[in-house]
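In: All I have is the shape, not the residue letters:
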């Protein structure tokens, strides 16, 4: 087998001399230049990304496995997207990270790649970039944190942040209580331990067939994650020798499996945007409506926050994703190939459930079929919007109310504590200009806080509508990804306070009850907001980002780019 890296390290003349010579300054000898597969370890570790800060330890285990299998591991850094810290939103940079990963892989002497990720956007970004190049690839996610522990009960990242801070706002928790909870929540290495976006995307990468079976849920600090990472290092060398590329695995049926698994998990609404973007990268036809159609007959099997009670540590001990996929059985395409070298059905055949409270059966599910993410259409969202039924209030799924409209999330948060805010339980709160172009970057502000005046009356949820996203750890009757977004003149831009809004989730409808003549008059008066920047990445992003229903990738990044060796520069 002639490896791709041989174009760099194989020649006897000046080209080979240059490439080998500089690598020797790291202590590598002749043996690594003997034609063995060179495995790139794309590491998104960063102390500014707390979820990924431990990935250097994972990389060491991967290297051990690569050496064991006769490969040559080389670790390289990638951009890292820290959801808790980055402003204005990590989603502004997902596509940039994907581009950086793509170009780093293509430009270097690599035969295969192991992707090390964890935090929300790092997982789709790295997979989008690697899939675009289409070299043999496998992913290792960093694993969830251990369960948070606060005064004798489990608390979950994100989900309990929203819950506890709401209680503190109305005096049901003291500042000291809240400070204590803060120290109890994130008590180990790893990403969010709820079924937020990080856990969801880790599970979906496994469901797609791009991670080793059973890997998504292993806690970050569990020794079995290091063993899994070493096994991944061994397996990527085999994938190179077998020439198994993402294009053989990331097929339309694989995406259908991922959509159904997401429904069974009660997974994050962010999965919709990321799977749509990934599908465009690999040339798979996937639409927003597929997420509704394919999930309608799938019950929620997993009782995890934010939809339920348990956390990822419990999910792993209960048997993890293989149990869910085995239980879904005929709802999945079981004969698909995966990076293990076996089919989906063979990977999960021996899976056993050790806690039926955490992982339920199809016959006795946690929530009935159709309780995952649904897609709404109507005059307010002609190209779609999404709502996570499992995290919403059932009594609000059919609702008619008058709109209270805010042009920015900052405008709303400035007044949400106001005791005189003109709002009641029937009001429909609307925040706009938070879409891909409008913010810019499509932030996770869609589960904006409840007005304090309602919390004090005991009202804990209301219909909230935006063109934003919601944290996967969030909950509430939050309608998200309204498309077209308001910043490009979608109907959301035309709503005025006092307009009637009609939600009928069972019928998949969301309508603005204003006649066409009035809307035409408003449109004639509407002007687009100025762009947030006229230079750099933000300008490029604004000019080329697609809408939410197309995955919010850049319009010129559709399709694979390939792994053609760059022209010599020396």
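Out: Here it is on my side, so go on. What you see is a predicted model; the values in this text were computed from it and never measured. Numbers count the residues shown, from 1 in each chain.
In: buried residues in stretch 28-46?
Out: Across stretch 28-46, burial judged by 16 or more other Cβ atoms under 10 Å covers 32-33, 36-46. (C-beta placed from N, C-alpha, C; glycine too.)
In: Pull the contacting residues for residue 555.
Out: Neighbouring residues of residue 555 by Cβ atoms under 8 Å, 6 or more residues apart in numbering: 544, 545, 546.
In: Output those residues as TSV; include the columns pLDDT and secondary structure.
Out: Output for the contacts of residue 555, formatted as TSV (pLDDT from 0 to 100; DSSP: H, G, I helix; E, B strand; the rest coil):
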residue	pLDDT	secondary structure
544	98	helix
545	98	strand
546	98	coil
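In: out of those, which are buried?
Out: 545, 546.
In: can I get the contacts of residue 555 in CSV with distance to residue 213?
Out: CSV is the format used below for those (distance: Cβ to Cβ, whole Å):
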residue, distance to residue 213
544, 37
545, 35
546, 33
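In: of all the buried residues of stretch 28-46, which two lie farthest apart?
Out: 33 and 46 (31.1 Å; Cβ to Cβ).
In: Would you mind finding the longest strand in the protein?
Out: strand 398-406 (DSSP state E).
In: buried set for that strand?
Out: 399, 401, 402, 403, 404, 405, 406.
In: do the same with stretch 380-394
Out: 380, 381, 383, 384, 385, 386, 387, 388, 389, 390, 391, 392.
In: Max pairwise distance over these: which two?
Out: 383 and 390 (23.7 Å).
In: Would you map the strands across this structure?
Out: Using DSSP E, strands in the chain cover 38-43, 72-77, 112-117, 137-141, 148-150, 153-155, 373-376, 385-388, 398-406, 428-431, 464-466, 478-480, 500-504, 509-512.
In: can you put those strands in a markdown table and add mean pLDDT and distance to residue 235?
Out: Below are these laid out as a markdown table (pLDDT from 0 to 100; distance: least, Cβ to Cβ, whole Å):
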| stretch | mean pLDDT | distance to residue 235 |
| --- | --- | --- |
| strand 38-43 | 98 | 10 |
| strand 72-77 | 98 | 13 |
| strand 112-117 | 98 | 9 |
| strand 137-141 | 98 | 6 |
| strand 148-150 | 96 | 33 |
| strand 153-155 | 95 | 34 |
| strand 373-376 | 97 | 32 |
| strand 385-388 | 98 | 34 |
| strand 398-406 | 98 | 49 |
| strand 428-431 | 98 | 45 |
| strand 464-466 | 98 | 42 |
| strand 478-480 | 98 | 37 |
| strand 500-504 | 98 | 47 |
| strand 509-512 | 98 | 45 |
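In: could you dump those strands to JSON lines with distance to residue 216?
Out: As requested, those are arranged in JSON lines below (distance: least, Cβ to Cβ, whole Å):
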{"stretch": "strand 38-43", "distance to residue 216": "18"}
{"stretch": "strand 72-77", "distance to residue 216": "22"}
{"stretch": "strand 112-117", "distance to residue 216": "11"}
{"stretch": "strand 137-141", "distance to residue 216": "6"}
{"stretch": "strand 148-150", "distance to residue 216": "19"}
{"stretch": "strand 153-155", "distance to residue 216": "20"}
{"stretch": "strand 373-376", "distance to residue 216": "19"}
{"stretch": "strand 385-388", "distance to residue 216": "20"}
{"stretch": "strand 398-406", "distance to residue 216": "35"}
{"stretch": "strand 428-431", "distance to residue 216": "33"}
{"stretch": "strand 464-466", "distance to residue 216": "29"}
{"stretch": "strand 478-480", "distance to residue 216": "24"}
{"stretch": "strand 500-504", "distance to residue 216": "33"}
{"stretch": "strand 509-512", "distance to residue 216": "33"}
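In: Can you tell me which of these is nearest to residue 419?
Out: strand 398-406 (15.2 Å).
In: That closest one pairs with which strands, parallel or anti?
Out: Paired strands of strand 398-406, with direction, are strand 428-431 (parallel), strand 500-504 (antiparallel) (DSSP bridges).
In: Quick check: closest non-adjacent residue to residue 69.
Out: residue 237 (3.7 Å; Cβ to Cβ, 6 or more residues apart in numbering).
In: Number of residues surrounding that neighbour?
Out: 24 (other Cβ atoms under 10 Å).
In: So for it, what's the pLDDT?
Out: The model reports residue 237 with a pLDDT of 98.
In: start the count at 335, not 1, going forward
Out: In the new count, where the first residue is 335, that last one comes out as residue 571.
In: list the contacts for it?
Out: 371, 373, 400, 403, 404, 405, 446.
In: need those in TSV with distance to residue 452, can you?
Out: Shown next, in TSV, are these (distance: Cβ to Cβ, whole Å):
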residue	distance to residue 452
371	25
373	20
400	20
403	24
404	28
405	23
446	21
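In: Tell me which two of those residues sit farthest apart.
Out: Using Cβ to Cβ, the contacts of residue 571 reach their maximum pairwise distance at 404 and 446, which is 12.5 Å.
In: I am finished for the moment; much appreciated.
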